[in-house]
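Colleague: sequence plus predicted model, see below.
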Amino acid sequence: MQTHEIRERFINHFVKAGHTEVPSASLILDDPNLLFVNAGMVPFKPYFLGEQNPPFPNGTATSIQKCVRTLDIEEVGITTRHNTFFQMAGNFSFGQYFKEGAISNAWSLLTNSVADGGFGLDPERLWVTVYLDDDEAAAIWHEKIGIPEERIQRLGMADNYWSMGIPGPCGPCSEIYYDRGEAYGEFGGPVVDDTRYIELWNLVFMQNERGEGTGKDSFEIVGPLPKKNIDTGMGVERVACILQGVENVYETDLLAPVITVAEQLTGATYGRSETLAKAGDTTSAAYHAAHTEDIRFRVIADHCRTGLMLILDGVTPGNEGRGYILRRLLRRIIRSARLLGATGVTMEKLMDTVRATMTPSYPEIADNWERIRAVAVGEETAFLKTLESGTRLFEDAAAKVKASAGTILDGDAAFTLHDTHGFPIDLTVEMAAESGLTVDTEAFDARMAEQKARAKADNRAKKHAHADVSVYRPFVDNHATVFLGYGATETEGRILGLVAGGALVDRAGEGSKVQVILDQTPFYAESGGQLADRGTISGPGGVAAVEDVQKTGKKVWLHNVTVTGGELAVGDTVTATVDHTWRHQARQAHSGTHLIHAALRQVLGPTAVQAGSMNRPGYLRFDFSYGEQLTADQLRRIELIANEAVDTDYTVNTIETSLDEAKAMGAMALFGENYGTQVRVVEIGGPFSMELCGGIHVSHSSQIGPVTVLGESSVGSGVRRIEAYTGVDSFRFLADQHRVSSALSSRFRVPVEEVPERVESISARLHEMEKRITQFRTAELSAKVGDYVMRAATVGDLRVVAARVPDGISGGDLRTLANEAKGRVGSEPAVAFFISADPESGKVPFIAAATDAAVALGVSAGEIVKAVAPYVGGRGGGKPAMAQGSGSDAAGIDAAVAAVRGIVEQSVAG
Ligand code: SER
């Protein structure tokens, strides 16, 4: 059964049972604690916690969620059941059915015949686990479903108590395993062998809330959730592996074609270790080599798919966070392909294969293909360059080891290659082996462990910095803030709560910084790139300045204020006033961002996808994925289109509608947007710009005022940034520029538009002058050389020229002078020493030169320079024929000059 069909059967089964089908959320959700969505329940978290009411008619839902787990990238391909990207099929009950419903629903889908819409698995092969004391679940499995007691096993918290690994909903769980038969391992159920018994489905009885803690089994349980819920997750890939009768999750219909293409690109053959193992060989060197190759094939298949799905959801390769994970995955593909024998590029063909297998389930890949391809191929090109420079570095390090007759490349060198050049350790090891060396991998591992420990400590520090959010919980549950700011900038409200230092307080006096929770507010809380409003809250007893506003639980506005006079108290009726200018300019900037976005898509096409934005009064920046630098002409056109839209005075409309309708209208939905609820579409001039957006906007585009693009830059691989001013800030900027250009115009006495040409011609003339000065100076110096040579002292037949030349002569000019002097004396034995002082930099450059005949007598320019350097507090060195140095103490120049003759005498005598 193909994966696509497994997905369909799952959804049909649960839709028939009354569940609402919910599309997969993006892999990137707006949760700072999660790098990627890693379980089917993540988008439903607010419903489990009771922060929001589930918008599903029967209080139940089903989805097939895209998931990425990248904790154990190194394990991929070694174990045979872990994909970094996988699809989690789930059914969810929010306070509706509980253990019995979850168990019987899962059982019927797994064991119903294929003709009946099920997966047709043999019930005799299914085993289950339950949490240690969960007698209720065990009884349902045994009595209602009929599983014999010996196939129901009990496991502790680490295995059968599920949480997200961070504070959130949690509960005991029951897992369903499939016995793959004795060829795969020991008999005895999942507690004995979890390769033979492969986990297919996890049923979580979500009933508690967990607090801080570490690992899977040491965290605090804060208390029960408002309701008892169900969260289940069935691994689509694992079911596919069983139903397709393949060895592992890398060989299903979705990934096997990638392995085949990898075979063609590398010339290696997949599956040789399996063949050897079947013939009884699991220990020979040939087996190990084949096994390593098979792992590499699986890495390629797995990472290609994860890479493609991450790029689809807007991730671009970078050096931290999500971007870094993507980069690592892509680089591991390239490296694995090379180690398997590929010599050229491989990325495009591999990705194209994933495109073909994944598009039936994710048709949006087709629309985004060009962008996905460009990002993946771009990373390959960059990494191949890194490999080139890393290889040079490696060769230097290897040559050094060999020069000292060593055989071991030290751990530090390997670590540097890995850490600063992104050079993977196994490649270093492999290349070392090729040059007859080994790598001190223990020292390398130790360095890696140090680095990991540092990163962990950083992470922990960050986690502990989180405020305890339980203080807001009663407000989130019972007092969602009513936001009135779309229509008003000043409203009355009541203070429902004050939070200082993470705890509730009754009142806050002058000078204190507190968070104010109101029943209703006109203040916009920071979101969607728009900064929060500023303004004041004033009550009967005092007044406070609002410095920031953030949302908690998506429902409660926290006004961060400083009390500037008197005091605020819970229960006060207050007037909340948004600073008028702030709000006006914030609206201009946010609407300006939409204009820039629309203009950008017109000029660059739909592959330029928004990657982030920020706007504050008068200023905006807009990040988007695009592989190349924008040309001046593209920027000019974007700016022109935006300003023409201002000038057209479009009406700005906001429409509340469903996500589907918004998409049908052609509104641009961004990744990271939550679904399932009503959405707000902001439309500027109908088709000109239509975006899902909760921000605050002008009502007519002319109110935005001029939009001035400041420029464009790169913010990491594949992401560009445009910055612009709006409204009066735009005017101020233009006026400043105008003042500067007017000043230049009157200074150069040309019209403004001719200033660049004028500056160009002046700097060309300046350059010409500098060249001529240098020529004069050299001519003057060479004229002087005659004098110096004439005044030379002699040591036997040897002429010794030693002179202080005029101040300000550079090291380069000294060299010209020395060469000139050598030229004058021809083949005679002679030595020249020149020294100068540069009063500006305080430097004292000097040089010595000896003719071949002088060198033959034992004179060395290098020795002279070394011996003289201490007189002027400097250093120097070079060859016997020519040497240079530089000092910093001009007071020693005369002594240095005087010393030369003695030094030469000694060399000749020696
Ligand atoms: N949340 C559970 C899991 O991820 C079941 O969906 O395993």
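Modeller: That came in fine, so what should we check first?
Colleague: quick one, what contacts the residue in the stretch 251-400 of the chain positioned nearest to the ligand?
Modeller: Relative to the ligand, the nearest point of the stretch 251-400 of the chain is Thr306 (17.0 Å; Cβ to the nearest ligand atom). Every residue, glycine included, has its C-beta placed from N, CA and C. Residues counted as contacts of Thr306 (Cβ atoms under 8 Å, 6 or more residues apart in numbering) are 68, 70, 83-85, 329.
Colleague: assign a three-state SS to Ile655, would you?
Modeller: Here Ile655 is recorded as strand under DSSP: H, G, I helix; E, B strand; the rest coil.
Colleague: please tell me how far it sits from the ligand.
Modeller: 35 Å (Cβ to the nearest ligand atom, to the nearest Å).
Colleague: did I read that right, Arg338 in a helix?
Modeller: Yes - assessed with three-state DSSP, Arg338 lies in a helix.
Colleague: for it, give me the pLDDT.
Modeller: Arg338 is assigned 90 on the pLDDT scale.
Colleague: read off the pLDDT value for Ile11.
Modeller: Here the pLDDT value assigned to Ile11 is 97.
Colleague: check the one 3 residues further on too.
Modeller: Looking at Phe14, its pLDDT reads 97.
Colleague: tell me what the residue nearest to it when sequence neighbours are not counted is bridged to.
Modeller: Among residues not flanking Phe14 along the chain, Thr62 sits closest, at 3.7 Å (Cβ to Cβ, 6 or more residues apart in numbering). When bridges are called by DSSP bridges, Thr62 pairs up with Glu21, Asn91.
Colleague: report the central residue of this protein.
Modeller: In the chain, the residue lying closest to the centroid (Cα atoms, centre = their mean) is Gly323, at 2.8 Å.
Colleague: all the strands of the stretch 501-650 of the chain, residue numbers only.
Modeller: Secondary structure of the stretch 501-650 of the chain, counting by DSSP state E, counting those that start in this stretch: strands at 503-505, 507-508, 513-518, 520-521, 535-538, 542-552, 556-566, 568-569, 573-578, 609-616, 619-625.
Colleague: listing partners with orientation, what would you give for the second one?
Modeller: Right, strand 507-508. So strand 507-508, judged by DSSP bridges, has these partners: strand 568-569 (antiparallel).
Colleague: picking up where we left off before, ok, the residue nearest to the centre of the chain touching Ile311?
Modeller: No - using Cβ atoms under 8 Å as the test, Gly323 is too far from Ile311 to be in contact (10.6 Å).
Colleague: Asp419: how many residues sit nearby?
Modeller: 12 (other Cβ atoms under 10 Å).
Colleague: ramachandran angles for the nearest residue to it once chain neighbours are set aside?
Modeller: With sequence-adjacent residues excluded and distances taken as Cβ to Cβ, 6+ apart, Asp419 is closest to Gln451, at 7.3 Å. When read as degrees, to the nearest 10, the backbone of Gln451 gives phi -60, psi -40.
Colleague: burial of Gln451, as a residue count?
Modeller: 13.
Colleague: touching, it and Thr416? I think so.
Modeller: No - using Cβ under 8 Å, Gln451 makes no contact with Thr416, being 12.0 Å away.
Colleague: the residue of the stretch 801-910 of the chain found nearest the ligand: what's it in contact with?
Modeller: As assessed by Cβ to the nearest ligand atom, the ligand sits closest to Arg875 within the stretch 801-910 of the chain, at 65.4 Å. Listed by Cβ under 8 Å, 6+ apart, the contact partners of Arg875 are 869, 885-887.
Colleague: switch to 7 Å and redo it
Modeller: 869, 885 (Cβ atoms under 7 Å, 6 or more residues apart in numbering).
Colleague: do Phe10 as well
Modeller: Per Cβ under 7 Å, 6+ apart, neighbours of Phe10: 64, 89, 109, 234.
Colleague: so what sits opposite the last one in the bridge?
Modeller: Which is Met234. Ala89, Trp201.
Colleague: ok, how many other residues are close to the residue of the chain found nearest the ligand?
Modeller: Per Cβ to the nearest ligand atom, Gly233 is where the chain lies closest to the ligand, at 2.5 Å. Counted with other Cβ under 10 Å, the neighbours of Gly233 add up to 26.
Colleague: please apply the same query to Asp649.
Modeller: 11.
Colleague: before we move on, what about Val707?
Modeller: By the other Cβ under 10 Å criterion, the neighbourhood of Val707 contains 28 residues.
Colleague: not counting its neighbours along the chain, what's nearest it?
Modeller: Val707 sits nearest to Ala642 (Cβ to Cβ, 6+ apart), 4.5 Å away.
Colleague: in the stretch 251-400 of the chain, which spans are helices?
Modeller: Using DSSP state H, counting those that start in this stretch, the helices of the stretch 251-400 of the chain run over 256-266, 272-278, 285-312, 321-339, 347-358, 364-403.
Colleague: revised request: answer the last question for the stretch 801-910 of the chain.
Modeller: Going by DSSP H, counting those that start in this stretch, the stretch 801-910 of the chain shows helices at 811-825, 852-856, 861-868, 893-909.
Colleague: among these, which is the most enclosed?
Modeller: Stretch with highest mean neighbour count among these: helix 861-868 (a mean of 23; mean count of other Cβ atoms under 10 Å).
Colleague: which strands and helices sit next to that helix?
Modeller: Other helices and strands packing on helix 861-868, by 3 or more Cβ pairs under 7 Å, 6 or more residues apart in numbering; DSSP states H and E, are strand 844-850, strand 875-878, strand 882-887, helix 893-909.
Colleague: could the ones you listed be laid out in CSV, adding mean pLDDT and distance to Leu243?
Modeller: As requested, the helices and strands packed on helix 861-868 are exported to CSV (pLDDT from 0 to 100; distance: least, Cβ to Cβ, whole Å):
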stretch, mean pLDDT, distance to Leu243
strand 844-850, 96, 80
strand 875-878, 91, 75
strand 882-887, 95, 77
helix 893-909, 93, 89
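Colleague: out of these, which comes closest to Cys693?
Modeller: Comparing the helices and strands packed on helix 861-868 by their distance to Cys693 (Cβ to Cβ), the top pick is strand 882-887, with 62.0 Å.
Colleague: residues making contact with the closest one?
Modeller: Under Cβ under 7 Å, 6+ apart, the answer for strand 882-887 is 811, 818, 843-849, 861-862, 864-865, 869, 872-878.
Colleague: how about the residues of the chain near the ligand?
Modeller: Residues of the chain lying close to the ligand by Cβ under 6 Å from any ligand atom are 39-41, 88, 90, 162, 202, 204, 231-233.
Colleague: please repeat the previous calculation with a cut-off of 8 Å.
Modeller: Neighbours of the ligand within the chain, by Cβ under 8 Å from any ligand atom: 38-41, 67, 88, 90, 162, 164, 173, 202-204, 231-233.
Colleague: using pLDDT, spot the least trustworthy of those.
Modeller: Met164 (87).
Colleague: picking up where we left off before, make CSV from the helices of the stretch 801-910 of the chain and add distance to Ala446 to it.
Modeller: As requested, the helices of the stretch 801-910 of the chain are exported to CSV (distance: least, Cβ to Cβ, whole Å):
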stretch, distance to Ala446
helix 811-825, 45
helix 852-856, 51
helix 861-868, 42
helix 893-909, 51
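Colleague: right, and the ones you listed - which one's nearest Val755?
Modeller: helix 811-825 (34.6 Å).
Colleague: so which residues of the stretch 151-300 of the chain form strands?
Modeller: Under DSSP E, counting those that start in this stretch, the stretch 151-300 of the chain gives strands at 152-155, 161-163, 168-179, 197-214, 218-235.
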